[in-house]
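Visitor: the following comprises the amino acid sequence and a computationally predicted model.
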Amino acid sequence: MVELTDKAIDTQAILVGMADHSTGAVVLFLGTVRDHAEGKTVTHMDYEAYTDMAIAKMKAIETETVARWPIRQIAIVHRIGALQLGDVSVAVAVASPHRGEAFEACRFAIDTLKKSVPIWKKEYSPEGEGWVEGIIPEIREK
């Protein structure tokens, strides 16, 4: 399951989707909006994505993760739009026969997503607002 959504991420539905009697481990990573970054206060955030490319890259991460580890189920969901403090911005869940592979695969999926998927965030603070700098996806290069 790969999804971009402008609605709250339903973590319970993701966990239900991981149900498989052949697995002994489910790892769920949740990224949430925190109240600080780089020494500044953060009040809320906006996320934007190049949707078609983001979905394609997320599916490629799903495919590579399943090819590298004995994964039975995987879900990668990212939220876009306006998010408040504490909101879940990204969820990655992996079900595998053993915990070691589940942890490794989940870590790989979220780290690869953060590096390669064209999703951008704007942080708002009492001092102003600004896009968070990081790795610039190929789509932004000219």
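Guide: Yep, that arrived. A quick note: this is a predicted structure, and the numbers were derived from the prediction, not measured. Numbering: from 1, shown residues only.

Visitor: and after the helix or strand hosting Ile76, which helix or strand comes next?
Guide: Assessed by DSSP states H and E, Ile76 sits inside strand 73-79. Next helix or strand after strand 73-79 toward the C-terminus (DSSP H and E): strand 81-84.

Visitor: how far does the helix or strand just after that next one sit from the chain's center?
Guide: The C-terminal neighbour of strand 81-84 among helices and strands, as given by DSSP H and E, is strand 88-96. Mean-position distance between strand 88-96 and its chain equals 7 Å (C-alpha atoms, centre = their mean, to the nearest Å).

Visitor: setting aside sequence neighbours, what's the nearest residue to the residue at the greatest distance from the centre of the chain?
Guide: Distance from the C-alpha centroid of the chain peaks at Glu127, with 27.3 Å (C-alpha atoms, centre = their mean). Leaving aside its sequence neighbours, Glu127 sits nearest to Lys40 (C-beta to C-beta, 6 or more residues apart in numbering; 6.5 Å). Where you see a C-beta, it was placed from the backbone N, CA and C, and this is true even at glycine.

Visitor: who touches that neighbour in this structure?
Guide: Lys40 is in contact with Glu123, Ser125, Glu127, counting by C-beta atoms under 8 Å, 6 or more residues apart in numbering.

Visitor: the most centrally placed residue in the chain: what's it in contact with?
Guide: The centroid of the chain falls nearest to Val90 when counting by C-alpha atoms, centre = their mean (3.5 Å). For Val90, the contact set (C-beta under 8 Å, 6+ apart) comprises Ile9, Phe29, Leu30, Gly31, Val77, His78, Arg79, Ile110, Leu113.

Visitor: great, nothing more from me.
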